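A.B. asks: mind folding the following:
(one chain, ligands or ions: 2)
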Amino acid sequence: MILALETSCDDTCAAAVSHDGEVLSSVISSQGIHDAYGGVVPEIASRHHLELANAAVDDALRRAGRTLDDVTLVAVTQGPGLVGALLVGVATAKALAAARGLPLVPVDHLQGHVAANFLRAGGRPLMEPPFVCLIASGGHTLLVRVEDQVGFTVLGRTLDDAAGEAFDKGARLLGLPYPGGPALERLARDGDPGAFAFPTAAGVTGLDSSFSGLKTALLYRVRDLGEDAARARRADLAASYQHAIVETLAVRCERALEQTGLDRLAIGGGVAANGPLRDRLACLGVALGIPDRTLCTDNAAMIASAARFGEALRFPAYLALDAYASGERALA
Ligand code: KG4
Ligand code: ZN
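C.D. replies: Ligands and ions are numbered 1, 2, ... in the order given. Here you go, the predicted structure:
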């Protein structure tokens, strides 16, 4: 059984996953303390990971009905993410592996989001490579071609903000709490997606995307409406704004499928939990891999999934492992 840790941002996650990709438990402890600051404060996140990491591991083992004796492999997110936060996971994983004489697999967070599609659901793997995958999270918006279980090639990326960042910044403008994605999706349910025409990065050709103009358009629209009217039309603003993000992403997915000639699309990352995006992509007429919502937002089960195909390091080689803040290391 694989025991995995994921601490790249503000969720302290641990999971137990079998070597054939069945999720035995997945614990996600959301810190819930960053709302007061309107975003994640790295130093506070690291300190909370320190307090929560061992408890999350214990909880993951208990919920799986297993003990440390059942663990045969330790996996951990090495990057990209907040370095101080990542280091807590990396140090915890090293200590566990060293104390138990176990091998350790360092995992790239983005490869983890892709690998959520390799976890078993209903007794079979969800997706067989090659396929196109949209990774849309708070820090990344990438369209990739997944060649096999260990690598991908980047086809397109955002030129500025990530899609999740666009949700978070839009939500903030509408007075919603952090993280903005789920809150904005909830508010948008009562609104009309056609009420306002927001830009969908139509000027950006190819497979790249852009969201900074959209955020500015919302800012100007809220200002033009004035405080009272903007408040009265919050749901319409949210629905129209969300519609623009969904369209921007869906059009790129469609183009990527056309360009690659592939007929399978998978999605991952927090934004992949968005209902209207999932519904829109389901209409593209290709085989669609959508992990369960709890496997789209940050979790450790996806890290364990990726570790099944990664290179296991033995003691003492992994003691030299360091976290990395940025970059895409999982390229084919
Ligand atoms: O993958 P993730 O959990 O963490 C990162 O690796 O960044 O993604 C978090 C992002 C946040 O920006 C959050 O607002 C967004 O995913 N998100 C959503 C939804 N749930 C989370 N965006 C839109 N709709 C959602 N339901
Ligand atoms: Zn993520």
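A.B. asks: so where's this protein uncertain?
C.D. replies: Along the chain, segments meeting pLDDT under 70 span 31-38, 121-125, 328-332.
A.B. asks: in it, where's the longest helix?
C.D. replies: In the chain, taking DSSP state H as the definition, the longest helix is helix 234-260.
A.B. asks: now the element after that helix, going C-ward?
C.D. replies: strand 264-268 (DSSP states H and E).
A.B. asks: and the angle for that following strand with helix 234-260?
C.D. replies: Per axes from the mean of the first three to the mean of the last three C-alpha atoms, to 10 degrees, the angle that strand 264-268 makes with helix 234-260 is 140 degrees.
A.B. asks: does ligand 2 sit close to strand 264-268?
C.D. replies: No - Strand 264-268 lies out of reach of ligand 2 by C-beta under 5 Å from the ion, never closer than 8.1 Å. C-betas here are computed from N, CA, C, even on glycine.
A.B. asks: quick revisit: now for the longest helix of the chain, which elements pack on it?
C.D. replies: For helix 234-260, the packing partners by 3 or more C-beta pairs under 8 Å, 6 or more residues apart in numbering; DSSP states H and E come out as strand 131-136, strand 141-146, strand 152-157, helix 163-173, helix 180-188, helix 212-225, helix 275-282.
A.B. asks: quick one: that helix to chain centroid distance?
C.D. replies: 17 Å (C-alpha atoms, centre = their mean, to the nearest Å).
A.B. asks: for it, buried residues please.
C.D. replies: 234-257, 260 (16 or more other C-beta atoms under 10 Å).
A.B. asks: ok, and does that helix reach over to ligand 1?
C.D. replies: No - taking C-beta under 6 Å from any ligand atom as the criterion, helix 234-260 and ligand 1 are apart, separated by no less than 7.6 Å.
A.B. asks: returning to that earlier point: deepest of the helices and strands packed on helix 234-260, which one?
C.D. replies: strand 131-136 (a mean of 28; mean count of other C-beta atoms under 10 Å).
A.B. asks: tell me the angle it makes with strand 141-146.
C.D. replies: 160 degrees.
A.B. asks: which strands border strand 131-136, and is each parallel or antiparallel?
C.D. replies: Strand pairing for strand 131-136, using DSSP bridges, gives strand 141-146 (antiparallel), strand 264-268 (parallel).
A.B. asks: tell me which of the ones you listed sits nearest to ligand 1.
C.D. replies: Closest to ligand 1 of the strands paired with strand 131-136, according to C-beta to the nearest ligand atom: strand 264-268, at 7.8 Å.
A.B. asks: how about residues contacting the closest one?
C.D. replies: 113-114, 116-117, 126-128, 130-137, 146, 253, 257, 277-278, 281, 284, 286-291, 296, 302 (C-beta atoms under 8 Å, 6 or more residues apart in numbering).
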